[in-house]
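Novice: Following is a predicted model, sequence given first.
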Amino acid sequence: MTPDRAPMTRRMLLASGLVLLSCGGAWAQPAPAELAQALPGASLAGQTRFRVWGFEVYDAGLWVRPGFSATGFDAHPLALELRYLRDFAAVDIAERSLKEMRRLSPVSGEQEKLWLDEMRRVFPNVKKGDRLLGVQQPGQGAAFWFNGQLRGDIRDAEFARAFFGIWLSPRSSEPAMRQALLGTP
């Protein structure tokens with residue numbers, strides 16, 4: 001290959017990789033080990049990479065059981081896996097999550113404080129390469145696993161609906177991410 005063509009070929013490969021990343025096809029991660037315990041029988045529905053202003057934040061994958069329906073996502077057990085590509089403080093993750101939850105539907109001041117306290121309790125500080133797996137338990141709440149270890153539960157079905165709605169609600173602030181996670185074009 002001539003030197004003047006090498007940069008073009010690398011750019012083309014990089015562009016192809018980015019297209020595949022955004023469509024969720026090329027970079028399939030293995031199922032997290034804790035998934036067998038947290039959500040037996042689940043398979044990968046879709047995956048994507050989340051970026052903000054060009055900065056890569058995390059890779060996300062949605063794991064569901066047969067019969068899952070996006071329309072009633074809150075009525076189905078599911079697992080959302082985030083593989084972090086940057087470092088974040090637990091408090092920042094909790095506050096950003098609450099902001100997105102409030103954007104989807106009103107949250108009372110009392111509920112907001114309770115949810116923020118609960119998220120601070122179960123969300124860890126994360127570093128590049130860490131994994132957080134959130135498991136929705138319909139009618140009960142959510143359980144969170146960090147790097148394969150159970151971190152804790154938030155026993156509030158309304159919290160689980162609002163939290164997983166960040167990614168799965170039709171009103172998500174990231175509709176392309178939602179589509180990729182659901183495996184829809």
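Specialist: Done, it's in. Not measured: the values here are computed from a predicted model.
Novice: In contact with P170: list those residues for me.
Specialist: Taking CB atoms under 8 Å, 6 or more residues apart in numbering, we find P170 in contact with R178. Any C-beta I mention is one placed from the backbone N, CA and C, and that applies to glycine too.
Novice: Relative to Q179, how far out is it?
Specialist: To Q179, P170 is 10 Å away according to CB to CB, to the nearest Å.
Novice: try A89
Specialist: A89 is 30 Å from Q179, by CB to CB.
Novice: between those two, who's got more neighbours?
Specialist: Neighbours were counted for A89 and for Q179 using other CB atoms under 10 Å; Q179 has more, 17 against 12.
Novice: Double-check that the more buried one belongs to a helix.
Specialist: Yes: counting by DSSP: H, G, I helix; E, B strand; the rest coil, Q179 is found in a helix.
Novice: Which pLDDT value goes with it?
Specialist: As predicted, Q179 sits at a pLDDT of 97.
Novice: I'd like the distance between it and M101.
Specialist: Q179 is 20 Å from M101, by CB to CB.
Novice: Could you pull up the residues touching the residue lying closest to V57 once chain neighbours are set aside?
Specialist: Leaving aside its chain neighbours, V57 sits nearest to F50 (4.7 Å; criterion: CB to CB, 6 or more residues apart in numbering). Residues near F50 by CB under 8 Å, 6+ apart: E56, V57, Y58, D59, A60, E174, M177.
Novice: Great, nothing more from me.
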